[in-house]
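Engineer: Pasting the sequence and the predicted coordinates here, then a few questions.
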Amino acid sequence: MTTPYPPPFFTPDPQAATASRIVDFGRWASQHWGVDADLTDYAALHRWSVTDLEGFWGAVWEYFDIEANTSYERVLGEEAMPGARWFEGATLNYAHHALRNLADDEVAIVALDETGSAYEITGERLRAQVASVSATLRDLGVGMGDRVVGYLPNTPHAIVAFLAAAGLGAVWSVCGQDYAPKAAADRFAQLEPTVLIAADGYLFNGTAHDRRDATLELVTALPTLKATVLVDHVGLPWPSRNYPSLVMPWEDAATRTEQLACTPVPFDHPLWVVFSSGTTGLPKGIVHGHGGVLIEHLKTLGLQSDLGPGDRLLWYTTTHWMMWNLVASTLLTGATTCTYDGSPAPLTRPDVLWELASRHRVTVFGTSPQYLLGMAKFGIDPSVHDLSSIRVVGCTGSALPASAYPWVRDHVGGHVLLASISGGTDIVSGFAGSAPNAPVWAGELSAPHLGVALAAYDAEGRPVVDQVGELVVTRPMPSMPLYFWNDPDGARYHDAYFSAYPGVWRHGDWITHTPHGSVIVHGRSDSTLNRNGVRLGSADIHDVVERLPEITEALVIGAEEPDGGYWMPLFVVPAAGVTLDEALRDRIREAIRTGASPRHVPDEIIEVPAIPHTRTGKKLEVPVKRLLQGAAVEQVVNPAALDAPELIAYYARLGAERRSRKAPA
């Protein structure tokens, strides 16, 4: 039976859509590439983008005037996945493209923090700082292919250091300072870095967190370092210490007078290493290339998000989340990017991000579902600020429930495109999201992104529409990983994405591809609820339960048991002052029964102090499930990868207590 879908929640203004870059690109591509289709229509443009990979990506290259020092032989050589070969023969540099479109006297970066403070960096000053740091790195022994790592908050220092390393052909990696030194070393030590750049601390919720001792501990754990560059950020003096490597102040590294020169590198030369959340074992180092990131981010930011000169992007992120990489790539489009150091909702001014967006005339505002739901739940009204400059509110990290859409319309603006996006660190971009010329359905992602041959596969590996299936990508994308770090034969890379369907990328999410072309994300496929053969995504339960004003957050688990049983508990965090009594449990059960599925009403509803997450905000569904099934903590999760490691012992104890109750007398 076909699901009855409602009409679109939001339809783009025709005049605004016509003026967008994606429509201009469609017109241009039709004329210059001889495509016999109306490519100003998003669905037609997407069809072309996945049926003619060479034509589409060649058009993106030309439209954005990518500058190669040597030209490519062909757009796509070997198409096999993994192993697709893109733009072979081309040499270029990402950093050159990030800096080339910035006018000297225009603002390139606005540095913001939770106190409301701000300072601006012009294009001229940014180029000068990058040139200086690049020359410093070169003098410290950094060459092509060497690794430079950052232990830094989300400030301009991270962007400058990244571009300086990329300009040399060095490989960059960064993580936030809320990571303990051991957690940072678990990532960086794999890379054997040459230089570390670290800050004295970071801001969060009214406190300047001192990371000077943590920096020394990290330096000691990285024996390959030749030098450490120390950044003064929160005003804590760096004491004289016996560092095992050369130490240099950021001020000395960034204030030299140098000429900027970016080294041409092959299209697939490594640009950065981003790490998986590392919830089990060492985090996986995922390597992306200069060219793949460049062309993918120009497409994603320039076309899907309509960013260009005159725009300003403010997206709340930490440096260890892939959204930081997109924040940095905003510069590719000639738009201004905003960095932000602090809590997204500090206790003393929980609406500070909206205040800053208003003051600095932000046009694209990015956040997470938890942030928007929290704003609504705690009665914070962004519309007290002038938000007329915002035309897009982007949202990613997990599925955005339908209930959030009216709140954004009513409290941010009816003109605003609410762009729910699903992607991943794996491709450092999006699989599906929105576009300026595509309608929006509440609770759905408007369409697959351009160039993404997305499908939902059933258990037999067949594409299905209007049914829940595995999110797969059937043709290659330029920003798919080059390889995993320390995976010489590619076995771990293959097992991560291609073991289920040979030659087809399996991402690990359950989705529905709707008849009108949108995508509904139901949650991770390895945490799917499967009761009596009926499958449901955990996100569908979370959506319903977290709409209740009495519940702050929820986590549902479906755990197979040794006796053949199936235990499905729902863990909830009640709102402040709320008691989880039987009456509230009944309301939760009824909400699930009517709003999600009568077959997936939980066996138990259990109050917990908090829900565990990775440091990028993803709920820890599979590890909690395995703990409840009796797996040892060390087999299940690396506590250093979590936002609240102490919760793991709590959930392990819950599982042990249940097994004890079920054990025969």
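Structural biologist: Cool, got the structure. Numbers count the residues shown, from 1 in each chain.

Engineer: low pLDDT regions in the protein?
Structural biologist: Applying pLDDT under 70 to the chain flags the ranges 1-4, 277-281, 525-528, 530-535, 562-564, 616, 635-636, 641, 662-665.

Engineer: Does Arg361 touch Arg312 like I think?
Structural biologist: Yes. Between Arg361 and Arg312 there is a contact under Cβ atoms under 8 Å: 6.2 Å. For glycine as for every other residue, the C-beta is placed from the backbone atoms N, C-alpha and C.

Engineer: between those two, which one's more packed in?
Structural biologist: More crowded of Arg361 and Arg312, by other Cβ atoms under 10 Å: Arg312, with 21 against 16.

Engineer: Break down the stretch 351-500 of the chain into its helices, ranges please.
Structural biologist: Under the criterion DSSP state H, counting those that start in this stretch, helices of the stretch 351-500 of the chain are mapped to 352-359, 369-377, 404-411, 491-497.

Engineer: can you redo those helices as TSV with distance to Ala596?
Structural biologist: Below are the helices of the stretch 351-500 of the chain laid out as TSV (distance: least, Cβ to Cβ, whole Å):
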stretch	distance to Ala596
helix 352-359	31
helix 369-377	17
helix 404-411	16
helix 491-497	30
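
Engineer: of those helices, which approaches Phe87 most closely?
Structural biologist: For the helices of the stretch 351-500 of the chain, proximity to Phe87 was assessed by Cβ to Cβ; helix 491-497 is nearest, at 20.6 Å.

Engineer: in that closest one, what counts as buried?
Structural biologist: Residues of helix 491-497 classed as buried: Tyr493, His494, Ala496, Tyr497 (neighbour count, 16 or more other Cβ atoms under 10 Å).

Engineer: before we move on, back to that, overlap in contacts, Arg361 and Arg312.
Structural biologist: The contact sets of Arg361 and Arg312 overlap at Ser389 (Cβ atoms under 8 Å, 6 or more residues apart in numbering).

Engineer: Check the gap between Val362 and Leu417 for me.
Structural biologist: Val362 sits 14 Å away from Leu417, going by Cβ to Cβ, to the nearest Å.

Engineer: and if you look at Gln177?
Structural biologist: Using Cβ to Cβ, Gln177 is found at 34 Å from Leu417.

Engineer: Against which helices or strands is the longest strand seen in the chain packed?
Structural biologist: Criterion DSSP state E: the longest strand present in the chain is strand 505-513. Under the contact definition 3 or more Cβ pairs under 8 Å, 6 or more residues apart in numbering; DSSP states H and E, strand 505-513 sits against strand 422-424, strand 454-457, strand 468-473, helix 491-497, strand 519-524.

Engineer: could you give the angle of that strand to strand 468-473?
Structural biologist: If you take axes from the mean of the first three to the mean of the last three Cα atoms, to 10 degrees, strand 505-513 sits at 130 degrees to strand 468-473.

Engineer: Starting from strand 505-513, tell me which strands it pairs with and how they run.
Structural biologist: strand 468-473 (antiparallel), strand 519-524 (antiparallel) (DSSP bridges).

Engineer: What residues of it count as buried?
Structural biologist: Buried residues in strand 505-513, counted by 16+ other Cβ under 10 Å: Trp505, Arg506, His507, Gly508, Asp509, Trp510, Ile511, Thr512, His513.

Engineer: With distance to Val468 as added columns, please give the residues you listed in TSV.
Structural biologist: Formatted as TSV, the buried residues of strand 505-513 follow (distance: Cβ to Cβ, whole Å):
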residue	distance to Val468
Trp505	18
Arg506	15
His507	14
Gly508	14
Asp509	10
Trp510	5
Ile511	7
Thr512	5
His513	10
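
Engineer: These: which two are farthest apart?
Structural biologist: Greatest spacing in the buried residues of strand 505-513, by Cβ to Cβ: Trp505 and Thr512 (18.3 Å).

Engineer: can you give me the strands for the stretch 101-250 of the chain?
Structural biologist: 107-113, 118-122, 147-151, 171-175, 195-199, 201-204, 207-210, 227-231, 246-249 (DSSP state E, counting those that start in this stretch).

Engineer: among those strands, which is nearest Ile427?
Structural biologist: Closest approach to Ile427 among the strands of the stretch 101-250 of the chain (Cβ to Cβ): strand 171-175, 17.0 Å.

Engineer: hmm, back to that, nearest to Arg211, of the strands paired with strand 505-513?
Structural biologist: strand 519-524 (32.2 Å).

Engineer: can you list the residues that contact the closest one?
Structural biologist: So strand 519-524 is contacted by 399, 422, 431-432, 443-445, 447-448, 454, 468, 471, 508-514, 528, 536-540, 542, 621-622 (Cβ under 8 Å, 6+ apart).

Engineer: one more time with 7 Å, if that's ok
Structural biologist: Contacting residues not belonging to strand 519-524 are listed as 399, 422, 432, 443-445, 448, 468, 508-514, 537-540, 621-622 [Cβ atoms under 7 Å, 6 or more residues apart in numbering].
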